[in-house]
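J.: Provided below are the primary sequence and the corresponding predicted coordinates.
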Amino acid sequence: MDEIGGYWLRRRIAEMPSSELYEAERKSSGGRVIVELLRDDLCRAEAARGSLGDLEERLHAFEHPNLARCIERLEADGKLGLAFEAPAGPSLRTALVDAGRLPWEVASSVVARVARGLGEAHGRVPSLLHLDLRPERVLLGRDGTVRLYGLGLAALADVLGKGAPRGLDMLRYMSPEQIDGTNVDARADLYGLGLLLYELLAGHSPFQSSSIRTLVSMQCSEAPVPLADHVRGSLPQGVTALLFQLLEKEPGKRPQTSRELFERLEAFLPGDASAALGRWIDAADARTGKGAELARREERRQDSEQVAEPRPQAPRSEDAAREEASRATPGPTDAKEPAAAAGATPVAKAKSAERELSVRQALLLVIGLTVLAALAAYISRAACSGVPGEPSTTEYLAPPSKPLGTVSPHE
């Protein structure tokens, strides 16, 4: 599928446990959006259409600078999804992959703004949880904007999936209470913010394993891996302490609200943190956005070639076909291959004609000289034989009946 509703799907950003994320473009205006399409099995669930419609209505109520605006619900060819506005800039995942890890000021600024957006969603009645806070779901703008999207989708997928098995990628961003399935509230998102902050600072998740059983054990009972010395050395001690408090297994030991987290992180940031974040995002987009833009242009070019119908071509004369072939494929010169002049340009044709005329003139000259030589030989022979007048052809061709100068004895 390369389109849905009023959008061209330009590039798949990520394959999530319950959905696929696409960078898309409005057909009408060319504006950039993010499209999230639910997994096929979730789309087939009986309650999928109604549940996604309810979520769309709730998302439309949000007008917050740190939450991406939901544009509309999408449905086509059995697929269901949502479209979100996207600022001009990279995703947090793209920037993280490019940088390896983020400076602590940038990482803390990003997480503080995500927490502020979550505070808006958590404050609604009933509260709307995210439960899948990963770098792919955070969009960065070149003006320093940070916007979160995907609120409510993880919970929706959990209901529609009816206990579907959880993979490693899903477990890596889940809180212990989500894994246990008990007492899940806004503090689960605080744990998710701890996972996000750790990954931005260290360049990797705090819990890593290729075994689902081991990863579950890590998330539910083991302390996170300490930060590397070169990371910890640059961090204010208060930020380090706040990070590991967010990753407490018991919800009561974490910061209790997103607003509290926002205020505590802001206290560590310098006064120009917003401007510094904007400069960092702009530099990251300059490094990562060029290749993405070139890819989008190439996709648009290919799309236009597929849509464009082939134009009917008028029948071509034989001379025109030969002329086109001679332009496309260089061949021998006209001097070596006179026949190639048939497909040459008008100037070449004129030169070829001049050469042909010269050859004809030379042949006529040779023929004329040959005739003159034969005539001269005839006149010379006639003068030597003493026969007056112009002999007949027979006389000229026939040998003499007797040697010249011989006298018969009877004469």
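T.: Noted; the coordinates are in hand. Numbers count the residues shown, from 1 in each chain.

J.: residue 84 sits in which helix or strand?
T.: Take DSSP states H and E as the rule and residue 84 turns out to sit in strand 79-85.

J.: helices of the stretch 1-150 of the chain, start to end?
T.: For the stretch 1-150 of the chain, the helices defined by DSSP state H, counting those that start in this stretch cover 40-43, 48-60, 92-99, 104-122.

J.: alpha carbons of the shortest one, as CSV, please.
T.: Extracted as CSV, the C-alpha positions of helix 40-43 are listed here (Å, rounded to 0.1, in the frame of the first residue of the first chain):
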residue,chain,number,x,y,z
ASP,A,40,-3.9,-6.4,10.2
ASP,A,41,-5.2,-8.7,12.9
LEU,A,42,-6.1,-5.7,15.1
CYS,A,43,-8.0,-4.1,12.2
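
J.: what residues sit buried inside stretch 265-273?
T.: In terms of neighbour count (16 or more other Cβ atoms under 10 Å), stretch 265-273 has its buried residues at 265, 268, 269, 273. In this view, the C-beta of every residue, glycine as well, is placed from N, C-alpha and C.

J.: any weak-confidence spans in the stretch 151-300 of the chain?
T.: Confidence mapping of the stretch 151-300 of the chain against pLDDT under 70 gives the ranges 163-164, 289-300.

J.: show me this structure divided up by domain.
T.: 88-303, 331-383 (automatic domain parsing).

J.: for the protein, which segments are assigned as strands?
T.: All strands of the chain, identified by DSSP state E, fall at 3-4, 7-15, 19-26, 32-38, 70-76, 79-85, 138-140, 146-148.

J.: count the neighbours of the residue lying closest to residue 103 once chain neighbours are set aside for me.
T.: Counting by Cβ to Cβ, 6 or more residues apart in numbering, residue 280 is the residue found nearest to residue 103 once chain neighbours are left out, at 7.3 Å. Residues lying near residue 280 (other Cβ atoms under 10 Å) number 20.

J.: again, but for residue 26
T.: Neighbour tally, residue 26, other Cβ under 10 Å: 15.

J.: distance of it relative to residue 32?
T.: Plainly put, residue 26 is 8 Å away from residue 32 if you go by Cβ to Cβ, to the nearest Å.

J.: for residue 127, same thing?
T.: Taking Cβ to Cβ, one finds residue 127 at 30 Å from residue 32.

J.: those two: which is more packed in?
T.: residue 32 (17 against 12).

J.: surely that one and residue 11 touch.
T.: No - under the criterion of Cβ atoms under 8 Å, residue 32 makes no contact with residue 11, lying 10.6 Å away.

J.: shared neighbours, those two?
T.: Listed as contacting both residue 32 and residue 11 by Cβ atoms under 8 Å, 6 or more residues apart in numbering are residue 23.

J.: contacts only, for residue 175.
T.: So residue 175 contacts 131, 184, 187, 188, 191, 192, 219, 251 (Cβ under 8 Å, 6+ apart).

J.: same list (those residues) but as a markdown table, adding distance to residue 53 and neighbour count.
T.: Shown next, in a markdown table, are those (distance: Cβ to Cβ, whole Å; neighbours: other Cβ atoms under 10 Å):
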| residue | distance to residue 53 | neighbour count |
| --- | --- | --- |
| 131 | 20 | 21 |
| 184 | 23 | 19 |
| 187 | 29 | 24 |
| 188 | 25 | 21 |
| 191 | 30 | 24 |
| 192 | 26 | 24 |
| 219 | 33 | 25 |
| 251 | 31 | 18 |
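
J.: dump these to TSV, plus distance to residue 137.
T.: Formatted as TSV, the contacts of residue 175 follow (distance: Cβ to Cβ, whole Å):
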residue	distance to residue 137
131	11
184	18
187	19
188	15
191	15
192	10
219	19
251	22
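
J.: give me the number of residues near residue 216?
T.: Counted by other Cβ under 10 Å, the residues lying close to residue 216 total 19.

J.: wait, it touches residue 170, no?
T.: No - between residue 216 and residue 170 there is no contact under Cβ under 8 Å: 11.0 Å.

J.: deepest-packed of the helices of the stretch 1-150 of the chain, please.
T.: Highest mean neighbour count of the helices of the stretch 1-150 of the chain: helix 104-122, a mean of 24 (counted as mean count of other Cβ atoms under 10 Å).

J.: so what's residue 14 up against?
T.: By Cβ under 8 Å, 6+ apart, the contact list for residue 14 reads 20, 21, 93, 136.

J.: farthest-separated two in the residues you listed?
T.: 20 and 93 (14.3 Å; Cβ to Cβ).

J.: list the contacts of the residue nearest to residue 103.
T.: When contacts are counted by Cβ under 8 Å, 6+ apart, residue 280 touches 102, 103, 106.

J.: likewise for residue 195?
T.: So residue 195 contacts 133, 172, 173, 205, 206, 247 (Cβ under 8 Å, 6+ apart).

J.: who wins for most neighbours among the residues you listed?
T.: Per-residue neighbour counts (other Cβ under 10 Å) across the contacts of residue 195 peak at residue 133, which has 29 neighbours.
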